[in-house]
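**Student:** next come a sequence and a model predicted from it.
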Amino acid sequence: MPKRRVKPQLVGLLFLAPLMLGLFIFRVFAFLQNVYLSFTEAGALIEPKFIGLENYVNIFSDPNFWQALGNTLKYFAIGLPIILILSLISAVLLNNKMKHISVFRVIYFIPAIILPVAAIQVFMWLFHTDYGLINSLLVNLGWEKVSWFSNNAGVTFVMSLTTVYLNVSVPTFILLGGLQEIPESYYESASLDGASPLRQFFCITLPLLTPSIFNVLIISSINLFKLFDVPYTMLGNNKAALRFGKTIVYYFYENAFEFRNTRGYAAAMSMVFFLMVLVFTILMFRWQWRWVNYER
Amino acid sequence: MKRIIKWLFAIVLLLPALAGCNQSSNEGKETTSGDSTDEEITLELWSWDAIQAEGVQAAIDAFEEQNPNIKVNFENIPTQGGNEDYMLKLEAAVEAGNTPDVFWMNTTAEDYAAAGVIQPLDDFIEADEVDLKGSYNETIVDIYNYNDQQYAIPKDMDSSFIVYNTKIFDELGVDHPEADWTWDDFVETGRQLKEGMEDNQFPLYYRVNAIYGPSLLTVQQGGSYVEEAEDGSFTANFDTDEYKKALTTLYDLQEEGLSPHYVENSDYDYLGSMISGDLAMATIPSWEIPALAEADVEDGTFAAIPYPSFDGSNTTDTNGLSYVMSANTEHAEAAWKLIKFLTSDEGARVHAENNGSIPANNNEDVKSAWIESNSAVANLECVNDISANSHFRETNRYPAIRPGLNVINENVYPLFFGGEIDVNEAAKQSQDIVADELS
């Protein structure tokens, strides 16, 4: 044919264009915009004004920032091990060759598909001081009513519980996928050699599962660092309890959208936090060579 | 052939983006055509209160009937608690150049006026000879006047009542409060009620929030949150005897078990408790009255009464919302028509009859429409006395101190009402927080 040929690569790029356009506008451009804003004083109704490093300097003397960072790390430190252990146990249980196991799999996956805000509201009402089911149960059992939202321990408990509930499903199924990739023959030969089920778990299952565990570790860590919906929904109207649950992203949100003309400060805060998460992730990736088993 | 199909497919994928460009260029053309009377015009109107949305829609229906060539796209932005979500969406719309033609505003309007987002309405007011000060509450008119230009027409004004549950009073044999009561009567009534109540029930609820309760008690004693200089600049003024007395007064209520504890009952639901009969009386702002009026209890269970006088004064605070017009509207004439109607005797009455706050319109019929529509709550007529004796809420007059007040709610009051710091320390911390916020 005498027609001019269009390079197939070009057509491919064209197909990619809508996606790349979105990625560029909503990720790359937005990120660069954020970097720029972090050096300005900005708000919805004022033109950004360049103020150099002032925002970054202010962060370090802002007690509310450190309080929010402390809270974020608290929920991270509590949530991560619980999510890891719980999802591992659930995955092993769900890997059973029991009858109707798929029913349980559906039940375990429900927290991942329900609306987080709805679930958080349910937890909030369960633990309500006056009308909560939990307190009503305690009173019926002869105990005193507990004021869950009046102290650090109570708020931390309720928020951690909710956070774990919402964030344990996906890890469970990542680990379940990992478990199902381990060849049956390994267990068979181990049984023949007389290894107990517990021994099999620690010497076969766990080492071969490390790539999935690493995956879960990274995903869960980032989810916990980003914690926002739980404190926002649960404590947004509870000013007395907010100091026990306000996270970095919550404080960022207030500065970016609710306070007056602090959008630049919010941007600087998000940059600082971005760097912290970045360093954490890099360290985790370095560290993985010591314990993650990729030999299969 | 295959290649052509591939190309076609790619173009189809890109079509939505192209369509987007097309649409906006069409809109641009409309500008030039202006507002001729026979042309169909569409106005965008935004509000933020789900309870009042019904009333606004009713008023719009009446407007559209009288102006068949104007269509109003009304959108109520659902929001939790205050109006933060509305402000969020509005700011985004402003930045994107999609400001609605007409929208609700509070005192933040000053920022919007300074940024040139909303326009002064003086020319329209003059042309139509609207008597602002005669027709609307003067305080509310004034708060939307900047540099001698009127940027908004008042829509409503709030008022604060003590609402009490008559059934509980009758059951416990406690005398109903009377309109000229004092703080001591208030506390004494609480004590009498407390005797007959169970542990988890409370005789009274007085709103503890730096923006409302302590602010009002401070002003009633002649104090103030801010010190205003002659040039209009202001500084924080929290380390005062009046503020300290306000805090200790509220602290005492809690310590005596008369009111819910700020920390122990941090998730206290006073509206729910009023309706369930676990709370005998509470401070209720007018915008929450419809919730009690619509509650599933016998009519007349609730009755309203003015606040008790504290330190000799029972003035209460008020703030009013308004309608403003976008500076970029393509249909200024039509937008003005809409604003004028919604705040007119007729429009405000229709709004009030179908769920609203207290109209800022002074017309007797309009005021009584609000009282009528909420008549399940007895004695709302006292709103006239309350309004006559109200001052403009300090925390709305100086919106710049609001973020600081929220920090006080979150970081100072839990410590003070939890007994961890004394009143002097609480006042000092409040002072530092707001002073820092203003600097």
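**Tutor:** Sure, I can see it.
**Student:** would you report the backbone torsion angles of residue B:70?
**Tutor:** phi -110, psi 130 (degrees, to the nearest 10).
**Student:** residue B:398 now?
**Tutor:** phi -120, psi 70.
**Student:** how about it, nearest residue that isn't a chain neighbour?
**Tutor:** The shortest distance from residue B:398 to any non-neighbouring residue, by Cβ to Cβ, 6 or more residues apart in numbering or on different chains, is to residue B:226 (5.4 Å). Where you see a C-beta, it was placed from the backbone N, CA and C, and this is true even at glycine.
**Student:** OK, contacts around the one you found?
**Tutor:** B:234-237, B:394, B:398, B:401 (Cβ atoms under 8 Å, 6 or more residues apart in numbering or on different chains).
**Student:** of the residues you listed, which pair is most distant in space?
**Tutor:** Pairwise distances across these peak at 13.6 Å for B:235 and B:394 (criterion: Cβ to Cβ).
**Student:** which of those two has more residues huddled nearby?
**Tutor:** Taking other Cβ atoms under 10 Å in any protein chain shown, residue B:235 and residue B:394 do not tie; residue B:394 has more neighbours (19 against 13).
**Student:** surely the more buried one touches residue B:315?
**Tutor:** No - Residue B:394 is beyond contact range of residue B:315, at 11.7 Å (criterion: Cβ atoms under 8 Å).
**Student:** pLDDT below threshold where in the chain?
**Tutor:** All of this refers to chain A. A:1-4, A:295-296 (pLDDT under 70).
**Student:** was after chain B, sorry
**Tutor:** For chain B (pLDDT under 70), the answer is B:1-38, B:80-82.
**Student:** need the phi and psi values for residue B:324.
**Tutor:** Torsion angles, degrees, to the nearest 10, at residue B:324: phi -120, psi 170.
**Student:** against chain A, how distant is it?
**Tutor:** 13 Å (Cβ to the nearest Cβ, to the nearest Å).
**Student:** next: residue B:175.
**Tutor:** Taken as Cβ to the nearest Cβ, the span from residue B:175 to chain A is 28 Å.
**Student:** which residues sit in contact with that residue?
**Tutor:** B:169, B:189.
**Student:** give me the three-state assignment for it.
**Tutor:** Classification of residue B:175 by DSSP: H, G, I helix; E, B strand; the rest coil places it in coil.
**Student:** which helix or which strand is home to the closest residue to residue B:193 other than its chain neighbours?
**Tutor:** With sequence-adjacent residues excluded and distances taken as Cβ to Cβ, 6+ apart, residue B:193 is closest to residue B:203, at 3.7 Å. If you go by DSSP states H and E, residue B:203 is part of strand B:202-205.
**Student:** convert that strand to CSV, retaining C-alpha atoms only.
**Tutor:** Output of strand B:202-205 as CSV, limited to C-alpha atoms (Å, rounded to 0.1, in the frame of the first residue of the first chain):
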residue,chain,number,x,y,z
PHE,B,202,-29.4,16.3,84.0
PRO,B,203,-31.5,19.3,85.0
LEU,B,204,-29.8,21.8,82.7
TYR,B,205,-27.4,22.1,79.8
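**Student:** packing partners for whichever helix or strand comes after that strand?
**Tutor:** Later in the chain than strand B:202-205, the nearest helix or strand by DSSP H and E is helix B:213-220. Where contact means 3 or more Cβ pairs under 8 Å, 6 or more residues apart in numbering or on different chains; DSSP states H and E, helix B:213-220 is packed against helix B:241-255, strand B:316-318, helix B:394-397.
**Student:** and the angle from helix B:213-220 to helix B:241-255?
**Tutor:** 130 degrees (axes from the mean of the first three to the mean of the last three Cα atoms, to 10 degrees).
**Student:** in the stretch 1-150 of chain A, what residue is nearest chain B?
**Tutor:** Residue nearest to chain B within the stretch 1-150 of chain A (Cβ to the nearest Cβ): residue A:44, separated by 3.4 Å.
**Student:** could you pull up phi and psi at that residue?
**Tutor:** phi -60, psi -30.
**Student:** next up, the contacts around it.
**Tutor:** Applying Cβ under 8 Å, 6+ apart, the residues near residue A:44 are A:263, B:91-92, B:94-95.
**Student:** and the residue nearest to residue B:398, bridged to which residues?
**Tutor:** residue B:236 (DSSP bridges).
**Student:** helix or strand for the closest residue to chain A within the stretch 201-350 of chain B, just tell me which one.
**Tutor:** Per Cβ to the nearest Cβ, residue B:266 is where the stretch 201-350 of chain B lies closest to chain A, at 3.7 Å. Under the criterion DSSP H and E, no helix or strand holds residue B:266.
**Student:** returning to what we had before: distance of the residue nearest to residue B:398 relative to residue B:428?
**Tutor:** Using Cβ to Cβ, to the nearest Å, residue B:226 is found at 16 Å from residue B:428.
**Student:** same deal with residue B:304?
**Tutor:** 37 Å.
**Student:** more neighbours: these two, which one.
**Tutor:** More neighbours surround residue B:304 than the other of residue B:304 and residue B:428, with 24 against 15 (other Cβ under 10 Å).
**Student:** quick one: secondary structure of that one?
**Tutor:** Assignment for residue B:304 (three-state DSSP): strand.
**Student:** list the contacts of it.
**Tutor:** B:161-163, B:284, B:289, B:377-380, B:382-383.
**Student:** quick one: those residues as a markdown table, columns for secondary structure and neighbour count too.
**Tutor:** Formatted as a markdown table, these follow (DSSP: H, G, I helix; E, B strand; the rest coil; neighbours: other Cβ atoms under 10 Å in any protein chain shown):
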| residue | secondary structure | neighbour count |
| --- | --- | --- |
| B:161 | strand | 27 |
| B:162 | strand | 22 |
| B:163 | strand | 24 |
| B:284 | strand | 24 |
| B:289 | helix | 27 |
| B:377 | strand | 22 |
| B:378 | strand | 17 |
| B:379 | coil | 20 |
| B:380 | helix | 26 |
| B:382 | helix | 18 |
| B:383 | helix | 24 |
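**Student:** could I get those residues as TSV with distance to residue A:121?
**Tutor:** Below are those laid out as TSV (distance: Cβ to Cβ, whole Å):
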residue	distance to residue A:121
B:161	29
B:162	30
B:163	27
B:284	24
B:289	25
B:377	28
B:378	34
B:379	35
B:380	32
B:382	36
B:383	34
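**Student:** can you tell me which of these comes closest to residue A:75?
**Tutor:** Closest to residue A:75, out of all of those and judged by Cβ to Cβ, is residue B:284, at 36.2 Å.
**Student:** once you drop chain neighbours, what's closest to the closest one?
**Tutor:** Per Cβ to Cβ, 6+ apart, closest to residue B:284 is residue B:163, 4.4 Å.
**Student:** and the one you found, what are its bridge partners?
**Tutor:** Under the criterion used (DSSP bridges), residue B:163 bridges to residue B:282, residue B:304.
**Student:** would you mind listing what in chain A touches chain B?
**Tutor:** Residues of chain A lying near chain B by Cβ under 8 Å from any Cβ of the partner chain: A:6, A:11, A:14-15, A:17-18, A:21, A:44-46, A:64, A:124, A:128-131, A:145, A:147-151, A:236-243, A:246, A:257-260.
**Student:** which PyMOL command selects the buried ones in the residues you listed?
**Tutor:** Here is the PyMOL selection string for the buried members of the residues of chain A next to chain B, based on 16 or more other Cβ atoms under 10 Å in any protein chain shown:
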select buried, chain A and resi 14+44+45+64+124+128+129+130+147+148+149+150+151+236+238+239+240+241+242+243+246+257+258+259+260
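**Student:** in strands only, show me the residues of chain A next to chain B.
**Tutor:** Residues from the residues of chain A next to chain B lying in strands, with DSSP state E as the criterion: residue A:46.
**Student:** mind listing which of the residues of chain A next to chain B are in helices?
**Tutor:** Mapping the residues of chain A next to chain B onto helices (DSSP state H) picks out A:11, A:14-15, A:17-18, A:21, A:64, A:124.
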